[in-house]
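Novice: what follows is a predicted protein model with its sequence.
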Amino acid sequence: MAASTRLMSRLALVTGGGSGIGRAVCQRLASEGASVVVADISHESAMETVGRLPGDLRGQGHMAAAVDVSSKESVKKLLTSVQTRFFQPPSVCVNAAGITQDDFLLNMEEEHFDKVLLVNLKGSFLVLQAVAQALVACGAPKGSIVTVGSIVGKVGNIGQANYSASKAGVEGLTRTAAKELSRFGIRCNCVLPGFISTPMTDKVPERVISKWWSSDHNEPKWHLLPESM
Ligand code: NAD
């Protein structure tokens, strides 16, 4: 089957679809024929993403939805509204919603630690669980759930104790989900991107970004210290 029709008749849900990686994922899924639910805490940016998508191959259309992935109630409402509109749960789900609240470990506020864990880790759990429950309940023959971790979850990063802990957690969550859900035909995979220029990384000062990259190997130097945060 040609790449452009690979996802024909698939319904995909992308959290964090209003920006950066999530928006690019929506574009790719739609270009391969999927109908995409673009979910984001910013309904406006989700609508903007939908406005940029090519039509899906079955003419079901795309949908923009507001969701706070850190709220169980909000995630539940999202799944209900998706199933009300499309009469099926999403069989493809990409959890790209995420935040950073960087600071040195010695200064980090408990509140900033909690917030990053709440959105990145608990948010991934809530969405993964809700989609898996919906797929199992309707007896769907197959599903694919993707979470977005980060290379810093493996190697750590100065100024990101909260973020790197959350992303290590996302990887563990996904590995466990994969073991538990394979018997239902649901695949779970965690991708660990390196540095990708998006609105999230736009917050990092240019002089810090330039220090992350090795002129010799074009690889990020994760050990280099941002001078100020
Ligand atoms: P981004 O800031 O461009 O996009 C994140 C999106 O998540 C935004 O649209 C934001 O509104 C949404 N969001 C934030 N909190 C939310 C919530 N509570 N509920 C629903 N949506 C919420 O960032 P990005 O760089 O595209 O990051 C996407 C994912 O990739 C994140 O999980 C991030 O941690 C991960 N990641 C990014 C990089 C990178 O270098 N950009 C590297 C590794 C991993």
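Specialist: Yep, it's here.
Novice: alpha carbons only for contacts and neighbour counts from here, please
Specialist: Will do.
Novice: how about the most centrally placed residue in the chain, what does it touch?
Specialist: Residue closest to the average C-alpha location in the chain (C-alpha atoms, centre = their mean): residue 96, at 1.2 Å. By C-alpha atoms under 8 Å, 6 or more residues apart in numbering, the contact set of residue 96 is 14-17, 21-22, 147-148.
Novice: among those residues, which one has the most neighbours?
Specialist: Counting neighbours by other C-alpha atoms under 10 Å, residue 17 comes out on top of the contacts of residue 96 with 34 neighbours.
Novice: the strands in the chain, which residues?
Specialist: Ranges of strands in the chain, per DSSP state E, are 11-15, 35-40, 63-66, 92-95, 143-148, 186-191.
Novice: looking at those strands, which is nearest to the ligand?
Specialist: Evaluated over the strands of the chain, closeness to the ligand peaks at strand 35-40, with 4.0 Å, by C-alpha to the nearest ligand atom.
Novice: what pairs with the closest one, parallel or antiparallel?
Specialist: strand 11-15 (parallel), strand 63-66 (parallel) (DSSP bridges).
Novice: got the CA positions of that strand in CSV?
Specialist: Extracted in CSV, the C-alpha atoms of strand 35-40 (Å, rounded to 0.1, in the frame of the first residue of the first chain):
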residue,chain,number,x,y,z
SER,A,35,-8.6,11.3,10.5
VAL,A,36,-6.9,13.2,13.3
VAL,A,37,-8.2,14.5,16.6
VAL,A,38,-5.8,17.4,17.5
ALA,A,39,-6.0,17.8,21.3
ASP,A,40,-4.3,20.5,23.2
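Novice: that one near the ligand anywhere?
Specialist: Yes. Using C-alpha under 6 Å from any ligand atom, strand 35-40 reaches the ligand at residue 40.
Novice: hmm, who's touching that strand?
Specialist: 8-18, 26, 29-30, 46-47, 49-50, 55-58, 60-68, 82, 97.
Novice: tell me how far that strand lies from the chain's centre.
Specialist: Computed by C-alpha atoms, centre = their mean, to the nearest Å, the separation of strand 35-40 from the middle of its chain amounts to 12 Å.
Novice: just stretch 5-25 next, same as before
Specialist: Offset of stretch 5-25 from its chain centre (C-alpha atoms, centre = their mean): 10 Å.
Novice: could you see whether the ligand lies near that stretch?
Specialist: Yes. Judged by C-alpha under 6 Å from any ligand atom, stretch 5-25 comes into contact with the ligand at 15-22.
Novice: of those, which pair is most distant in space?
Specialist: The largest separation in those, counting by C-alpha to C-alpha, is between 15 and 20 at 11.3 Å.
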